[in-house]
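Chemist: this one's structure only:
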């Protein structure tokens, strides 16, 4: 079991967004029409941030490695990170004149869709000599696209003796390149795609279990794990869904916190499902944690 103190034990790397979350959306917008949402709210977002907040809620101090959105949207990230107890010392501000890195999330029934804009690199170079890195034992990467853009991050983590987990995140180009992504994904300890991402990648050539442990998040149906040629399933409890944004990231925090503590896979899946269920009952990916 990892020893806990005030220093970050987990480093979450990836794109950091400011999310505009629209809830109570009656249907997805179509060309030439207008729809109205029941509610809208502003949140820190991105897989790295949401998973870091979930780690923190499970007693695993977390730091972020990323580039903050340009002003004024960076204020939301700093405020929410401070409230969650997250370490931002390895993050860098956006370059002057950078376009905003933001996401519009639309919650429709029990699912959601995103429209996002990226700006600049996902994260700065990792400085392992930084004080924030001294206690780190695990690296979680928020999206496959960011790792593909900076694969050297894996070598640095391995050189430091860290374990590594990877979420997927939808990217139209990469979903059709499962065969090409296999070598990269095989280098991580735990790969955590959702059901749609896993189906798209395997259809384009990724082996069903490419990493030593593959965990597929299936929303309201729960989750399943592939390890050593076996499949382990765990159903999820039914809850009222307000916003599914960040539910998979919250699952990551719950699952991986249990995994890092050496618990059995069935328990890890259960903890992931509970964390994901907490996230969907309120708007914003990190708001339901804690």
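Modeler: Cool, got the structure. This is a predicted model, so every value here is computed, not measured. Numbers count the residues shown, from 1 in each chain.
Chemist: for residue 13, what are its contacts?
Modeler: 48, 64-66, 122-123, 126, 139-142, 146, 153 (C-beta atoms under 8 Å, 6 or more residues apart in numbering). To be clear about C-beta, it is placed using only N, CA and C from the backbone, and glycine gets the same treatment.
Chemist: In helices only, show me the residues you listed.
Modeler: Cross-referencing the contacts of residue 13 against helices under DSSP state H gives 48, 146, 153.
Chemist: who wins for most neighbours among the residues you listed?
Modeler: residue 48 (30 neighbours; other C-beta atoms under 10 Å).
Chemist: Give me the distance between residue 15 and residue 99.
Modeler: 13 Å (C-beta to C-beta, to the nearest Å).
Chemist: Actually, residue 73.
Modeler: For residue 73, the distance to residue 99 (C-beta to C-beta) stands at 11 Å.
Chemist: Give me the more crowded residue out of the two.
Modeler: residue 73 (20 against 12).
Chemist: ok, for the more buried one, nearest residue in space, not its chain neighbours?
Modeler: residue 18 (3.8 Å; C-beta to C-beta, 6 or more residues apart in numbering).
Chemist: The helix or strand where that neighbour lies: what's the following helix or strand?
Modeler: Assessed by DSSP states H and E, residue 18 sits inside strand 17-23. Next helix or strand after strand 17-23 toward the C-terminus (DSSP H and E): strand 39-45.
Chemist: mind checking how far the worst-scoring helix or strand of the chain on mean pLDDT is from the chain centre?
Modeler: Within the chain, no helix or strand scores below strand 111-116, which has a mean of 86 by mean pLDDT, DSSP states H and E. When distances are taken as C-alpha atoms, centre = their mean, to the nearest Å, strand 111-116 is centred 14 Å away from the chain's centroid.
Chemist: Give the pairing partners of that strand; include direction for each.
Modeler: strand 102-108 (antiparallel) (DSSP bridges).
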